[in-house]
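Colleague: below is the structure, and that's it, no one-letter string:
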């Protein structure tokens, strides 16, 4: 049972409804029984009699007719947004509330409708601004940002006279007026509505410029008589970096909604401008990095040529001197010459390792499909004398073909196999090579039965020139694992070790299946996540 809203006196009720700020309709059996004066004007008629008695559906826009119905048994007011058809055929957006009342002893619908045309227009413009924000966030330079913003101000927001300026030092320079490039500077220590907006950091809404003491005539090409204006500053970190001006020859041309729209637009422009500046800084840093890389290439050449040559001379002359005078030298003198020769050899090896480390990640190598089994055969041939001397075995049950840089993949396996043989005091040194294939990456492992590594040294072994052998019992520079780490990480992979001191070590490293032909291989977030899980397990 629907409970009807009852009014004590019909005439008093009419007086109340006439005073309403909304358009009011009373409908019985889908026919209009009563309208107030605002409803008459809303629909574009002169008299209420022109509406009363007509079917209500005549005034509801075709697509919105379904909203006149109400679920049975409900008397709670319903709110709708719909369009009403006016006398001239145009439509008006309204927000409508419907209640059931007793009107002349008949259950009728009491309808309040409020014109929301301005609100809908504001929402449409605000939506256009937010879409514009997505667009300008991809813009690469300030000129395009200004041009795009001028376009939305004129095309989407409907403003005719538009200015866009940047604050530069003690003045604001207008580089764009009405979409045309021009130059006009205004000192910001003088007077003017624009100057006031910049100095206060607050938007300035002027309904009648004639009443403003700070107002100065516009310098726009057509030189119209400006009566209304709205100046909105563009701020980055509370610093005004620019200004958007809209002007009109009409009084009261702009309102608070326009102010809100332009303030929102200014925020998006400021955000985009910040992105552009950050991109420019990044590009500058990349250019500087490129310069540094070129300088590093030159430095690498100097190291290679100017340091290695004297070392070769020291080594060669020391060996020659030792050979020629070996019968004339005492044991101490022979030992001194031997140490000179050994030191020069180690220095040459250090230089070679540094040069190798500097070349990792450089874009002078092409990605290719590498057969790792062939790589291992080459490494075994290179280390044949050490393998024979130690009576060692390198066991390989078969490795895959993968995309990568042949020289760097060989370097990884060569360093790990060499370490497994070198740091090994077993009577039968053995190296096992294996791999696991995952969705988008491989995990390789190189296992040895050598001297092992203490857990507290797991991280230290990958540091440059970090040696865990203070007595220098084992030859080497301490750069091998650092080189392996840099190569693996350049592919977007990881390298780690599991070991028991005195019982051997297993080195694991991951390589993505998709390596791009840019020297520095592509990073694989999915792969890294799986590898991280592998470590945890």
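Modeller: Sure thing, it's come through. Model, not experiment: these values are computed from the prediction.
Colleague: in the stretch 101-250 of the chain, which spans are helices?
Modeller: 117-136, 142-155, 193-200 (DSSP state H, counting those that start in this stretch).
Colleague: ok, the chain next?
Modeller: Shown for the chain, the helices assigned by DSSP state H span residues 10-18, 37-42, 117-136, 142-155, 193-200, 256-302, 308-325, 331-359, 372-382, 384-390, 406-422, 480-490, 525-536.
Colleague: pull out the buried positions in the first one.
Modeller: Across helix 10-18, burial judged by 16 or more other Cβ atoms under 10 Å covers 13, 17. Where you see a C-beta, it was placed from the backbone N, CA and C, and this is true even at glycine.
Colleague: same thing with the fourth one?
Modeller: Across helix 142-155, burial judged by 16+ other Cβ under 10 Å covers 142, 145, 146, 148, 149, 150, 152, 153, 154.
Colleague: circling back: would TSV of the helices of the stretch 101-250 of the chain with mean pLDDT be doable?
Modeller: Formatted as TSV, the helices of the stretch 101-250 of the chain follow (pLDDT from 0 to 100):
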stretch	mean pLDDT
helix 117-136	85
helix 142-155	83
helix 193-200	87
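Colleague: closest to residue 388 out of those?
Modeller: Residue 388 lies closest, by Cβ to Cβ, to one member of the helices of the stretch 101-250 of the chain: helix 117-136, at 67.4 Å.
Colleague: dump the helices of the stretch 101-250 of the chain to TSV, plus distance to residue 20.
Modeller: Below are the helices of the stretch 101-250 of the chain laid out as TSV (distance: least, Cβ to Cβ, whole Å):
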stretch	distance to residue 20
helix 117-136	18
helix 142-155	37
helix 193-200	39
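Colleague: mind checking which helix or strand of this structure has the lowest mean pLDDT?
Modeller: None of the helices or strands of the chain scores lower by mean pLDDT, DSSP states H and E than helix 525-536, at a mean of 37.
Colleague: looking at the helices of the stretch 101-250 of the chain, which is closest to residue 457?
Modeller: helix 117-136 (51.7 Å).
Colleague: what lies in contact with that closest one?
Modeller: Under the contact criterion Cβ atoms under 8 Å, 6 or more residues apart in numbering, helix 117-136 has outside partners 92-93, 145, 148-149, 152, 156-157, 257, 260-261, 264-265, 268-269, 271-272.
Colleague: for that helix, which positions count as buried?
Modeller: Buried residues in helix 117-136, counted by 16+ other Cβ under 10 Å: 120, 122, 125, 126, 128, 129, 132, 133, 136.
Colleague: relative orientation of that helix and helix 142-155 in degrees?
Modeller: 160 degrees (axes from the mean of the first three to the mean of the last three Cα atoms, to 10 degrees).
Colleague: and the direction of helix 117-136 versus that of helix 256-302, what angle?
Modeller: 10 degrees.
Colleague: could you shift the numbering so residue one becomes 17, and keep it that way?
Modeller: All right, first residue 17 from here; so that's helix 133-152.
Colleague: for residue 268, give me its contacts.
Modeller: Counting by Cβ under 8 Å, 6+ apart, the residues that residue 268 touches are 223, 224, 244.
Colleague: can you count the residues close to the first one?
Modeller: In other words, residue 223. Neighbour count for residue 223, taken as other Cβ atoms under 10 Å: 15.
Colleague: next one: it relative to residue 179, how far apart?
Modeller: Counting by Cβ to Cβ, to the nearest Å, the gap from residue 223 to residue 179 is 19 Å.
Colleague: for this protein, longest strand please?
Modeller: Taking DSSP state E as the criterion, the chain has its longest strand at strand 107-119.
Colleague: buried set for that strand?
Modeller: Judged by neighbour count using 16+ other Cβ under 10 Å, the buried positions of strand 107-119 are 107, 108, 109, 110, 111, 112, 114, 115, 116, 117, 119.
Colleague: and that strand, what's its mean pLDDT?
Modeller: The average pLDDT within strand 107-119 is 85.
Colleague: quick revisit: can the buried residues of helix 133-152 go into a markdown table with extra columns for distance to residue 211?
Modeller: Below are these laid out as a markdown table (distance: Cβ to Cβ, whole Å):
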| residue | distance to residue 211 |
| --- | --- |
| 136 | 36 |
| 138 | 29 |
| 141 | 27 |
| 142 | 28 |
| 144 | 30 |
| 145 | 26 |
| 148 | 27 |
| 149 | 28 |
| 152 | 26 |
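Colleague: domains of the protein?
Modeller: 21-131, 136-297, 380-552 (automatic domain parsing).
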